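Trainee: here's a sequence, model it:
(chains A and B)
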Amino acid sequence: MQCCVCKEKQATVHLTQIVGDKMQKLDLCEDCAKAKGVNDPTSFAMADLMLGLGASQELESAGAGVELKCPRCGFSQADFKKSGRLGCPECYRTFAEGLSGLLKTMHKGTRHVGKAPEALRQTRDNSDRLRTLQKKLSKAIEEENYESAAALRDEIKLLGGAVAKAR
Amino acid sequence: MNAMKDIHSFLCSPAESTHRHGPHDRIVMSSRVRLARNLREFAFPGWARKPERVKVLEMILPAVSALPEMADSFAEAMDNLSALDKQLLVERHLISREHAAKSVGSGLVVNRGETFSVMINEEDHLRMQALRPGFQTREAWQAIDQLDTALEKKLNFAFDNELGYLTACPTNLGTGIRVSAMLHLPGLVLSEQINPIIQSVNKLGLAVRGLYGEGTEALGNVFQVSNQMTLGESETVIVERLEKVLAQIIEHEENARQTLMEKKPKVVFNHIGRAYGILANAHSISSKETMNLLSFLRLGVDMDLFPGTERSLVDELFLITQPAHLQKQVSDKLSAEERDLIRADMVRDRLKNVSRPVVKPSSGTAN
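Mentor: This next block holds a predicted model:
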């Protein structure tokens, strides 16, 4: 049997995980198993256990080989792998790229709908409006309706400034 | 903050807390909605160092205690609570087992009546929950929504326009909501329908857990059903979906009980009769066995096999026979063996006026 990660070496470590009624099987070679921390249960990625196999890898692959570290709290990818939790609110920005794939598999959507703090509700409504305007603009350009495109562009500029300031 | 305040005397008496009624409380024992919130400027509790956690606690504890809903409340740092007090709070479902393990830098605020409980520096800076008896998930959501709105005026919550409320674990991101109900499902267990039901509930993206939440077993045929996904749907949609599923589970449980009585009355009478026999006569009994047998006693009361006996008698026993409650009433220096003796005495005493189950002859002779 081939290792399902490197697809080269012989798989000698076999992992079975049951989540709900779904069974996932992983066949790994010595090296890939070690890389995933499977040989040493103490360092086994909690992130993978809790968030599904491959979660920590997903976050890692986003860093393109460089280990990302949160500039505000110093939390790293390795820390996420260990705990399955993030370090601070800013981490969501630091690890945004890797997290987006993870969130897709975990939740109904990747965009929050629902309650927002009152103070931020205005900003959020503005960003929603900005999004709609941008869609309208692309459509206007596509239809070569330059008059309304110009008007839309002005409105976007104005609203965009307000949104950026609020952040 | 008064370190000398005793949580045991603050909490409702077990009799009081088990006499509260809510819709469908034959099957839905309680409903709860919790929200996870964090402060924008601080690291999450699991990553923050002690001084930072203490600072967060010192900011949040007074802010929560000052809310009108918490006017009469018990507010305390976790390091001022004994292990036994913490266990007592777990048995009341006011804190999680994870929170019971916390000490310096974590805290708790519970209001009188136990309708609100706020854990500070559990996995998130704030885990606030509203609890209601019976099937009242919507009411619980409205209550905690109000509390959250009042609190956001005083605290700066970490919120992102795209991702919503930011939480330590990505699984709680967005709304940070967990809506759950505690269900007593002996009918589905006895008729062996519980596993397929759990599987289909799981398929809908809902979790089914045991009595004390994550990773715990379903003692006494009690199951917790809750949402898992928190991002991409509004709180109302999440609450409504859970309500629909709960309504279906209630119906299945009612049907299962009825079918059992029609087709296998002896199986039902056997379980209830044996449960009564042991509980009313045992001289040593573990907490686990007590819970499992009380479940059938509760079923017997629901099925009118114990005329004149209130369900609250069973629910009260369910609470007071648990280890921390028992130690609080008697002594905390008891060994497990001694507790089993006292527990059996307690149960026998409470059941001394309960006659053995009335078996209805009209139920047929099948099986």
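Trainee: grab the nearest non-local neighbour of B:His125.
Mentor: Nearest residue to B:His125, sequence neighbours excluded (Cβ to Cβ, 6 or more residues apart in numbering or on different chains): B:Asn38, at 4.5 Å. The way it works is simple: take the backbone N, C-alpha and C, and place the C-beta from them, glycine included.
Trainee: okay, now that neighbour: neighbour count?
Mentor: By other Cβ atoms under 10 Å in any protein chain shown, 27 other residues sit near B:Asn38.
Trainee: and what of B:Ala143?
Mentor: 19.
Trainee: cool, and B:Ala43?
Mentor: 26.
Trainee: cool, B:Lys288 as well?
Mentor: Residues lying near B:Lys288 (other Cβ under 10 Å) number 12.
Trainee: ok, B:Pro51 next?
Mentor: 9.
Trainee: pLDDT score for it?
Mentor: Looking at B:Pro51, its pLDDT is 96.
Trainee: give me the element it is part of.
Mentor: Assigned by DSSP states H and E, B:Pro51 falls within helix B:50-65.
Trainee: by contact count, what packs against the next helix or strand after that helix?
Mentor: Where DSSP H and E defines the elements, the next helix or strand beyond helix B:50-65 is strand B:73-77. The contact analysis (3 or more Cβ pairs under 8 Å, 6 or more residues apart in numbering or on different chains; DSSP states H and E) places strand B:73-77 against helix B:7-10, helix B:50-65, strand B:107-111.
Trainee: how about those in TSV, adding distance to chain A?
Mentor: Formatted as TSV, the helices and strands packed on strand B:73-77 follow (distance: least, Cβ to the nearest Cβ, whole Å):
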stretch	distance to chain A
helix B:7-10	29
helix B:50-65	10
strand B:107-111	20
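Trainee: out of the ones you listed, which is the most enclosed?
Mentor: Scoring the helices and strands packed on strand B:73-77 by mean neighbour count under mean count of other Cβ atoms under 10 Å in any protein chain shown gives strand B:107-111 as the most buried, with a mean of 25.
Trainee: so how far is it off the chain centroid?
Mentor: For strand B:107-111, the separation from the chain centroid amounts to 16 Å (computed by Cα atoms, centre = their mean, to the nearest Å).
Trainee: show me what that strand is packed up against.
Mentor: Contact analysis of strand B:107-111 by 3+ Cβ pairs under 8 Å, 6+ apart lists helix B:50-65, strand B:73-77, strand B:116-120 as its packing neighbours.
Trainee: the inter-axis angle of that strand versus strand B:73-77?
Mentor: Taking axes from the mean of the first three to the mean of the last three Cα atoms, to 10 degrees, one finds strand B:107-111 and strand B:73-77 inclined to each other by 170 degrees.
Trainee: just the C-alpha atoms of strand B:107-111, please, in CSV.
Mentor: Extracted in CSV, the C-alpha atoms of strand B:107-111 (Å, rounded to 0.1, in the frame of the first residue of the first chain):
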residue,chain,number,x,y,z
GLY,B,107,-14.1,33.7,37.2
LEU,B,108,-17.8,33.1,37.4
VAL,B,109,-21.0,35.2,37.8
VAL,B,110,-24.3,33.4,38.4
ASN,B,111,-27.5,35.2,39.1
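Trainee: nearest to B:Ala247, of the helices and strands packed on strand B:107-111?
Mentor: Evaluated over those, closeness to B:Ala247 peaks at strand B:116-120, with 25.6 Å, by Cβ to Cβ.
Trainee: picking that back up, quick one: closest of the helices and strands packed on strand B:73-77 to B:Leu126.
Mentor: Nearest of the helices and strands packed on strand B:73-77 (Cβ to Cβ): helix B:50-65, 6.3 Å.
Trainee: got a pLDDT number for the residue in chain A positioned nearest to chain B?
Mentor: Among all residues of chain A, A:Gly109 sits closest to chain B, at 2.3 Å; criterion: Cβ to the nearest Cβ. Looking at A:Gly109, its pLDDT is 92.
Trainee: ok, now A:Lys136?
Mentor: 89.
Trainee: correct me, but it touches A:Glu155?
Mentor: No. Contact criterion Cβ atoms under 8 Å: A:Lys136 and A:Glu155 do not qualify, at 9.3 Å.
Trainee: low-confidence bits of chain A, can you list those?
Mentor: Along chain A, segments meeting pLDDT under 70 span A:5, A:14-26, A:34-66, A:162-167.
Trainee: what ranges do the helices span in it?
Mentor: Secondary structure of chain A by DSSP state H: the helices cover A:30-35, A:46-51, A:55-62, A:77-83, A:91-94, A:96-106, A:118-142, A:146-166.
Trainee: can you check the stretch 151-300 of chain B too?
Mentor: Counting by DSSP state H, counting those that start in this stretch, the stretch 151-300 of chain B has helices at residues B:186-190, B:194-203, B:235-263, B:265-281, B:287-302.
Trainee: possible to save these as a markdown table with distance to A:Leu68 and mean pLDDT?
Mentor: Formatted as a markdown table, the helices of the stretch 151-300 of chain B follow (distance: least, Cβ to Cβ, whole Å; pLDDT from 0 to 100):
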| stretch | distance to A:Leu68 | mean pLDDT |
| --- | --- | --- |
| helix B:186-190 | 47 | 95 |
| helix B:194-203 | 33 | 91 |
| helix B:235-263 | 31 | 96 |
| helix B:265-281 | 57 | 96 |
| helix B:287-302 | 46 | 96 |
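Trainee: turn those into CSV, columns for distance to A:Glu90.
Mentor: Converted to CSV, the helices of the stretch 151-300 of chain B look like this (distance: least, Cβ to Cβ, whole Å):
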stretch, distance to A:Glu90
helix B:186-190, 46
helix B:194-203, 34
helix B:235-263, 25
helix B:265-281, 55
helix B:287-302, 45
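Trainee: give me the contact list for the helix holding B:Pro51.
Mentor: Helix B:50-65 is contacted from outside by B:1, B:39, B:42-43, B:45, B:48, B:70, B:73, B:75, B:77, B:104-107, B:109, B:118, B:120-121, B:125-126, B:128, B:151, B:154-155, using Cβ atoms under 8 Å, 6 or more residues apart in numbering or on different chains.
Trainee: ok now that helix, how far from the chain's centre?
Mentor: On the basis of Cα atoms, centre = their mean, helix B:50-65 sits 26 Å off its chain's mean C-alpha point.
Trainee: between that helix and strand B:116-120, how many degrees?
Mentor: Using the same axes, to 10 degrees: helix B:50-65 against strand B:116-120 is 160 degrees.
Trainee: excluding chain neighbours, what is closest to the one residue in chain B that gets nearest to chain A?
Mentor: Closest to chain A within chain B is B:Gly232: 2.3 Å, counting by Cβ to the nearest Cβ. Nearest residue to B:Gly232, sequence neighbours excluded (Cβ to Cβ, 6+ apart): A:Gly109, at 2.3 Å.
Trainee: surely the one you found meets B:Glu233?
Mentor: Yes. With contact defined as Cβ under 8 Å, A:Gly109 reaches B:Glu233; the gap is 7.0 Å.
Trainee: these two - which one has more neighbours?
Mentor: Neighbours were counted for A:Gly109 and for B:Glu233 using other Cβ under 10 Å; B:Glu233 has more, 22 against 13.
Trainee: next, see if stretch B:127-142 gets close to chain A.
Mentor: No. Against chain A, stretch B:127-142 shows no contacts by Cβ under 8 Å from any Cβ of the partner chain, the least distance being 10.4 Å.
Trainee: any idea which strand is longest in chain B?
Mentor: For chain B, the strand that runs over the most residues, judged by DSSP state E, is strand B:28-37.
Trainee: adjacent strands (with direction) for that one?
Mentor: The sheet places strand B:28-37 alongside strand B:126-133 (antiparallel), strand B:177-184 (antiparallel), with pairing taken from DSSP bridges.
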